[in-house]
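Trainee: Predicted model, plus sequence, below.
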Amino acid sequence: MHWLSARSHRPAEIRVYNQLFAKPSPDAGNFAADINPQSLEVLSEARVEIAVAESNSAEPVQFERQGYFVRDKDSTSGQAGVSTAPSACAIPLRRKLAARG
């Protein structure tokens, strides 16, 4: 969560990708049974800074306390700030932050 001025934000959809499987070692014979139902979290009513929404850069942006996000390459100009955080980026950062206390 980050504070934004009512005048200086844009609506955005943020997609957070969590662990795909609910167990560390899914059953190879029935891996679909071990899929984490929360592996994709869509924050459809998020707000981002204007500069983030208007940027078409492929460079990652750090969202405070959340991790690094990149604009979805399939986003259109009508989808301000559609971003994704792959678990490969988000989970290690969360672990580092948790270890710091």
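Mentor: Done, it's in. In this text the structure is predicted, and so the values were computed from the model without any measurement.

Trainee: distance of Phe31 from Gln19?
Mentor: 13 Å (CB to CB, to the nearest Å). Any C-beta I mention is one placed from the backbone N, CA and C, and that applies to glycine too.

Trainee: for Ala32, same thing?
Mentor: For Ala32 relative to Gln19 (CB to CB), the value is 15 Å.

Trainee: Looking at these two, which is more packed in?
Mentor: Gln19 (13 against 8; other CB atoms under 10 Å).

Trainee: What score does the more buried one have for pLDDT?
Mentor: Listed pLDDT for Gln19 reads 84.

Trainee: Quick one: neighbours of the residue nearest to it when sequence neighbours are not counted, just the number.
Mentor: Nearest residue to Gln19 in three dimensions, chain neighbours excluded: Asn36, at 5.5 Å (CB to CB, 6 or more residues apart in numbering). Applying other CB under 10 Å, we find 13 residues neighbouring Asn36.

Trainee: Quick check on Asn36: phi, psi?
Mentor: phi -70, psi 120 (degrees, to the nearest 10).

Trainee: can you tell me which residues contact it?
Mentor: Neighbouring residues of Asn36 by CB atoms under 8 Å, 6 or more residues apart in numbering: 18-22.

Trainee: for Ala22, same thing?
Mentor: Counted by CB under 8 Å, 6+ apart, Ala22 has contacts 34-37.
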